[in-house]
Each structure stands twice: as C-alpha cells, then as structure tokens.
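Colleague: Let me see the structure of the following:
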Amino acid sequence: MKRFIQIMLFTMLVVCTYLASNSFYTVSEVEQVIITQFGKPVGDPVTSAGLKSKMPFIQDINPIEKRILEWDGSPSDMPTKDKLYISVDLFARWRINDPLQYFLRLRDERSAQSRLDDILGSETRNAVAKHELIEIIRTTKDRVPLRDTLLTDAERELNMGSLVPIQKGRKLVEGEIFAAAAEKVRVFGIELLDIRFKRINYNESVRPKIYDRMISERRQIAERFLSEGNGEAARIRGNRVRDLNKIQSEAYRAVEEIRGAADAKAAEIYTSAYNQSRQSVEFFEFTLTIHSYQSIINENTTLVLSTDSDLFKFLKAMTPNEALTSNVRPAKRREAFSSR
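Modeller: Just a heads-up that it's a prediction; the model follows:
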C-alpha cells in the first residue's frame, strides 16, 4: 500500500511538472511571440520580455525576430535607359513591425527573404530601366568633383572632360526603389529600413569593349594635352629667343653709347690739351707719338719713313745704336719710301 502511494505521488509530480512546462514560457528581449491554437493565432502578439503562460497541449508558441534583419541580394544583370547592361548588387535592412500579419502571410524568415528578393529585385529593375547609367553611378546631382586647377583650366579650354549634367543621382534613385518597395512589403508586416547599391558594374560580356573605349578616349585626351603642351613649349622657346635678342641688342647699344661718350670725352681732353701752351702741345705730341711707337713697333718691326715724317721727327735725336735697336731705317737725302 505504501509502495503504491509513493508511485502515485511520483506520477502526479511528473504530470504537474510536465503541465507546468507546457503552461509557462519565456520571451527574450530580441523576440516576440505569436500564440497559436490548433494552428490558428489567438490573442495579441506577445512583444514584452519575461515569463508568460499559455494553455498546455492545445496552444503553441511561435517566436518571431524583433531585431533588425538584413537582406543581401544576388548580383543581377539589367539594362539602363541608355541600353547598357549592368550588373547591380543591392542590400537592404528590414524588421518585423506587425508580427501577426507577418505570421499569417509569411510564417518564417525564409519566406520573407524570398518575398524580398522578388519585390526588391523587381523595383530595382524598374528604377534602373528608367534612368541612364550616369544617373545611377553619380552620387548626387550637386556633387562637384575634386580636380587639379591646371587640369581643369586645360579641360575648359579644350571643351572636354566636363561631367555630364544629371537630374537626380544615385541617392535619389535608391530613394525611389525604397519608396516603391516599402509600400509593397508593408502588407506582410515588414518595415523596410534602408536600401543601398553595394556594387554596380558593367555586364561581363560588354566589359572588355567598354574598357577599350575608355582607354581610347583617355588616350585621345592625353594626345590633345600633349599637343597643347608642345605648342606652349614652342611659344615659350620663341619668347626666350626674342627676349634674348632684345637684351643683347639693348646691351650692344648701351656699350656703343658708352664708347661714343668716352671717345667724345677723350677728343675733348685732346682738344683742350692741344690748345694749351706750345710746350704743352709739344709734350702732348711727344706722348702720343711714344704711345704710337708702343702700338706699332716691336722686336720684329721694320719701318721705312721719310725724314720729314711726323712719326720720324722724334727719332732724329736717337743715336745710331738706338735706331738699329728699334729696327727703324731713316731714308737718305729725303728719298725714302713711305710706309706701305
């Protein structure tokens, strides 16, 4: 009898424990719970954390994520308005703001990701097809690129290299995709928080042709800059030669003016000296003649002069030895040859 009572007590304890485990559950801070009875939701969603209760056996709990979730799409090829095929890689952030609607329509996160693939992919294709490539690549319509000042001036002179004017820019295109997709996912109890282009690239089949065209355009621009540089270099060299000739001519003129002024001053001094007394004039003539001797006579010089020559008159007083030393031969009886 005692043994039977012990078994009954143990059985009741196990049953109570099992009932308690099926009657109580906990909700964490990062999740929310939908209570279902025979597969259908009952009551309001449980969104607060803590220990909660439910009817055992006939009611089940369905946890739903409360945190911000990510959606990372696969790269897909799509055409732009200017008929260029590009590969677009997109990502987004979302969360469940209506768990009951989410549970009724999608049930789990895998179904939600699949539905986001469809909606975001479709809206991305629509937005890309309505805009040209430059609109999707450029950040905003008011963006001013940083350029070297000299390069910018050269580009302005050549009328090339300027950015194509755009109406919207990538940020507004992302906003269009976000607005259209957010409205469509709202019916599933999903709140779309953000959407961004992760990568935009040319289609693999046309990428080599695009790169070749870009290289050709850059090379053409480089050649034009090179020709402009060569022309500028030739102009600078021409200006240098012109300025050099001008400086040399001005310097030659200044030298000639100085030389002329010096000759005029010397002539003035000579004239002033010549107008002095006879003794001073004779000394002046003697000095000039001596300087002439130094200029025209050296060890190998032979002069043939008449005896009444102005250049010879100061040699008359010289001794025969001095005359031989100076290699000057006076003419006899005034029959001398003049200097040739």
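Colleague: Show me what Ile61 bridges to in the sheet.
Modeller: With DSSP bridges applied, Ile61 shows beta-bridge pairing to Ile35.
Colleague: which ones are touching it?
Modeller: Contact criterion C-beta atoms under 8 Å, 6 or more residues apart in numbering gives 25, 33-36, 54 as the residues in contact with Ile61. C-beta here means a position set from N, CA and C on the backbone, and glycine is covered the same way.
Colleague: from those, which is closest to Tyr85?
Modeller: Distance ranking of the contacts of Ile61 against Tyr85, using C-beta to C-beta, places Ile34 first at 43.9 Å.
Colleague: that's a helix at Thr301, yeah?
Modeller: No: following the definition DSSP: H, G, I helix; E, B strand; the rest coil, Thr301 is coil and is not counted among the residues of a helix.
Colleague: Number of residues surrounding it?
Modeller: 11 (other C-beta atoms under 10 Å).
Colleague: for it, phi and psi?
Modeller: For Thr301, the backbone dihedrals are phi -100, psi 140 (criterion: degrees, to the nearest 10).
Colleague: quick one: it from His291, how far?
Modeller: Taken as C-beta to C-beta, to the nearest Å, the spacing of Thr301 relative to His291 amounts to 15 Å.
Colleague: Same question for Glu123.
Modeller: Looking at Glu123 against His291, where the rule is C-beta to C-beta, the gap reads 109 Å.
Colleague: Settle it for me: which of the two has more neighbours?
Modeller: Under the neighbour definition other C-beta under 10 Å, Glu123 and His291 were set side by side, and Glu123 has more, 21 against 10.
Colleague: In terms of helices and strands, where is that one?
Modeller: Using DSSP states H and E, Glu123 sits in helix 109-129.
Colleague: Extract the CA atoms of stretch 172-186 and return them as PDB.
Modeller: Taking Å, rounded to 0.1, in the frame of the first residue of the first chain, the C-alpha atoms of stretch 172-186 are listed here in PDB:
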ATOM      1  CA  LEU A 172      17.500  59.700 -55.300                       C
ATOM      2  CA  VAL A 173      17.400  56.500 -57.400                       C
ATOM      3  CA  GLU A 174      17.800  54.500 -54.200                       C
ATOM      4  CA  GLY A 175      15.100  56.600 -52.600                       C
ATOM      5  CA  GLU A 176      12.700  55.700 -55.500                       C
ATOM      6  CA  ILE A 177      13.400  52.000 -55.000                       C
ATOM      7  CA  PHE A 178      13.000  52.300 -51.300                       C
ATOM      8  CA  ALA A 179       9.700  54.100 -51.500                       C
ATOM      9  CA  ALA A 180       8.200  51.700 -54.000                       C
ATOM     10  CA  ALA A 181       9.400  48.500 -52.200                       C
ATOM     11  CA  ALA A 182       8.500  49.800 -48.700                       C
ATOM     12  CA  GLU A 183       4.900  50.200 -49.700                       C
ATOM     13  CA  LYS A 184       4.700  46.700 -51.100                       C
ATOM     14  CA  VAL A 185       6.300  44.900 -48.100                       C
ATOM     15  CA  ARG A 186       4.200  46.700 -45.600                       C
END
